[in-house]
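K.L.:
for reference, the sequence and a predicted model appear below.
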Amino acid sequence: MENAKQNKMGTAPIFPLIVSMSLPAMFSMLIQAMYNIVDSIFVARVGDNALTAVSLAFPIQTLIIAVAVGTGVGLNSLISRRLGEQNYEAANSAASHGPFLGICSWLVFAVFGLFFSRTFFEAFTETAQVIEMGTQYISIVTIFSFGSFVQINFEKILQATGNMFYPMLFQLVGAVTNIILDPIFIFGYFGFPKMGVAGAAVATVAGQILAMVFSVYVAFRKNHAVTIQIKGFRPQKAVIQEIYAVGLPSIVMQSIGSVLVMGLNAILITFSEIAVSVLGVYYKLQSFVFMPVFGLNQGLMPIMGFNYGAGNKKRLLDALKIGVLIAATILLVGMLLFLFFPAQLLGIFNDSAEMLRIGVPALRIISTSFVFAAVSIIFSTLFQAIGRGVNSLLISVLRQLFVILPVAYLMADLFGLEMVWYAFPIAEVVSVAVSILLFIRVYKARLANLA
């Protein structure tokens, strides 16, 4: 068993350590982003209504990921801190709760898929084809979402130990399976029935389930710094509370993104369904820019959590500084792509005149927020790593509820569709200011007296 002196998270040079731990996750997240884009390209070929249906379904998929990743973040934070403290029994106990919490989360979404899918789409549109396609899509995605919940928990458990290789493979298996199966199930190749939008959903859950099977095999058949116990496992209230002390704010923080998209869809659909499709396409495109930053977070969080648990202030702050620089560089490149090539990016999905008329200014305006987002994202990662998930939640609530939605509504009401997009950069500037103020407060309270 590794101790604090032997574990690379407590000894290796920070920049090479961040790179070595982040690159596998960044690579797999890029593959995931590529899947998101390929998936929408295939769906767009079915028709405009199909793209609108999937765009309206996006908030529910975001909510699934929010709960799965938020729970995983809580596991990751607790396990890495306990390893930094050399409390291996507590680390094993936290890891053993992962599969149980994944199944509990899945049951909630399975109930939604069975009974409330159609009601959800009828709340946004009266177009019968959009409602039918969307209901089919989201029913399949939610009822069979157990693969996503279980796999992500195993992924975060291994990342907490410093193992980034297998989590990369889990995501690759899911994404590559998805990409391969998408055209087969959507268009009915190789003797399979032509399922349209439902086929995209089947491809999605098939990839998730295969990734889950692989993650279960690795978790129980390979040696790791923690041991996951199934036989004789009993959930412990105190451990679950510690997991969700960080995990619940993370879930709420990411779920706010789902509320944001639903709110923006409600605003945009008053102009046209194409405006909703533009927002959906934007989120697919921006995932290609932001996914590497989220991969960076996956490498940073266990490093930050371990060194906080070990009481090493210098390594913790070095990780913060280097993380901000790397994230800002990635998002600057993304901003330049959106500023100079918006028509080409939109043309990948739908090059209709209306899509370009609405989408080109939208991408240019929104992209000016990217570099500001780098600072907020990395500070949020630090807060989660040291057990201050509420601070991350506060940043997101200000950004996505108290700023962006009210601003978007006012812009739409007073100035029209094109001004709605300015809500994004306004919200990010507010987020950066609040992030810095919260960091100063946390530094004085928790970090200043570390060794």
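P.N.:
Thanks, I have it. Residues are numbered from 1 along each chain as shown.
K.L.:
from here on, just use CA atoms for contacts and neighbour counts.
P.N.:
Will do.
K.L.:
and the helices in the stretch 251-400 of the chain?
P.N.:
Using DSSP state H, counting those that start in this stretch, the helices of the stretch 251-400 of the chain run over 273-309, 313-340, 342-347, 353-367, 370-385, 389-400.
K.L.:
can I get those in CSV with distance to Phe165?
P.N.:
Formatted as CSV, those follow (distance: least, Cα to Cα, whole Å):
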stretch, distance to Phe165
helix 273-309, 11
helix 313-340, 20
helix 342-347, 31
helix 353-367, 31
helix 370-385, 20
helix 389-400, 26
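K.L.:
now the ones you listed as JSON lines including distance to Leu450 and mean neighbour count?
P.N.:
JSON lines is the format used below for the helices of the stretch 251-400 of the chain (distance: least, Cα to Cα, whole Å; neighbours: other Cα atoms under 10 Å):
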{"stretch": "helix 273-309", "distance to Leu450": "8", "mean neighbour count": "25"}
{"stretch": "helix 313-340", "distance to Leu450": "5", "mean neighbour count": "19"}
{"stretch": "helix 342-347", "distance to Leu450": "47", "mean neighbour count": "18"}
{"stretch": "helix 353-367", "distance to Leu450": "38", "mean neighbour count": "19"}
{"stretch": "helix 370-385", "distance to Leu450": "15", "mean neighbour count": "25"}
{"stretch": "helix 389-400", "distance to Leu450": "20", "mean neighbour count": "23"}
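K.L.:
for the ones you listed, which has the smallest mean pLDDT value?
P.N.:
The minimum mean pLDDT among the helices of the stretch 251-400 of the chain belongs to helix 389-400 (a mean of 80).
K.L.:
pLDDT of the next helix or strand after it, averaged?
P.N.:
Where DSSP states H and E defines the elements, the next helix or strand beyond helix 389-400 is helix 404-415. For helix 404-415, the mean pLDDT works out to 92.
K.L.:
next SSE downstream of helix 404-415?
P.N.:
Using DSSP H and E, the helix or strand that follows helix 404-415 in sequence is helix 417-420.
K.L.:
in that next one, what counts as buried?
P.N.:
Using 16 or more other Cα atoms under 10 Å as the test for burial, helix 417-420 gives Leu417, Met419, Val420.
K.L.:
out of these, who's nearest Leu107?
P.N.:
Nearest to Leu107 among the buried residues of helix 417-420 is Val420, at 36.7 Å by Cα to Cα.
K.L.:
the nearest residue to the closest one once chain neighbours are set aside - how many residues pack around it?
P.N.:
In this structure, Val420 finds its nearest non-sequential neighbour in Ala408, 4.7 Å apart by Cα to Cα, 6 or more residues apart in numbering. Using other Cα atoms under 10 Å, the number of residues around Ala408 comes to 24.
K.L.:
surely Ala408 meets Ala423?
P.N.:
Yes: with contacts defined as Cα atoms under 8 Å, Ala408 counts as touching Ala423 at a distance of 5.3 Å.
K.L.:
residues touching Ser215, list them.
P.N.:
Gln151, Phe154, Glu155, Tyr166, Pro167, Phe170 (Cα atoms under 8 Å, 6 or more residues apart in numbering).
K.L.:
the residues you listed, buried ones only, as a ChimeraX selection?
P.N.:
In ChimeraX, selecting the buried portion of the contacts of Ser215, with burial taken from 16+ other Cα under 10 Å, looks like this:
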select :151,154,155,166,167,170
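K.L.:
Throw the contacts of Ser215 into a markdown table and include distance to Val205 and pLDDT, thanks.
P.N.:
Shown next, in a markdown table, are the contacts of Ser215 (distance: Cα to Cα, whole Å; pLDDT from 0 to 100):
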| residue | distance to Val205 | pLDDT |
| --- | --- | --- |
| Gln151 | 12 | 95 |
| Phe154 | 17 | 94 |
| Glu155 | 17 | 92 |
| Tyr166 | 20 | 89 |
| Pro167 | 18 | 87 |
| Phe170 | 14 | 91 |
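K.L.:
distance of the spatially closest residue to Arg364 that is not a sequence neighbour from Ile31?
P.N.:
Once flanking residues are discounted, Arg364 sits nearest to Leu339: 4.7 Å by Cα to Cα, 6+ apart. Separation of Leu339 from Ile31 (Cα to Cα, to the nearest Å): 23 Å.
K.L.:
over to Ser392?
P.N.:
27 Å.
K.L.:
again, but for Gln298
P.N.:
Counting by Cα to Cα, the separation of Gln298 from Ile31 is 15 Å.
K.L.:
please apply the same query to Ala275.
P.N.:
27 Å.
K.L.:
list phi and psi for the residue located most distally from the centre of the chain.
P.N.:
In the chain, Gly191 marks the outermost C-alpha relative to the chain mean, sitting 34.7 Å out by Cα atoms, centre = their mean. Dihedral pair for Gly191: phi 90, psi 0, per degrees, to the nearest 10.
K.L.:
so what's Leu450 up against?
P.N.:
Counting by Cα under 8 Å, 6+ apart, Leu450 has contacts Gly311, Asn312, Lys313.
K.L.:
wait, I meant Val46
P.N.:
Under the criterion of Cα under 8 Å, 6+ apart, the neighbours of Val46 are Gly196, Val197.
K.L.:
repeat that for 10 Å
P.N.:
The contact partners of Val46, taken as Cα atoms under 10 Å, 6 or more residues apart in numbering, are Ser40, Ile186, Phe187, Gly196, Val197.
K.L.:
quick check, pLDDT for Ile440.
P.N.:
On the pLDDT scale, Ile440 gets 93.
K.L.:
brain fart, Phe58
P.N.:
With respect to pLDDT, Phe58 has a value of 82.
K.L.:
what's the answer for Gly98, then?
P.N.:
At Gly98, the model reports a pLDDT of 91.
K.L.:
in whichever strand or helix holds it, what's buried?
P.N.:
Following DSSP H and E, one finds Gly98 within helix 88-115. Neighbour counts over helix 88-115 (16+ other Cα under 10 Å) mark 88, 90-99, 101-102, 105-107, 109-110, 112-113 as buried.
K.L.:
helix or strand next in line after it, which one?
P.N.:
Assigned by DSSP H and E, the successor of helix 88-115 is helix 117-122.
K.L.:
other SSEs contacting that following helix?
P.N.:
Counting contacts by 3 or more Cα pairs under 10 Å, 6 or more residues apart in numbering; DSSP states H and E, helix 117-122 packs against helix 48-84, helix 88-115, helix 128-143.
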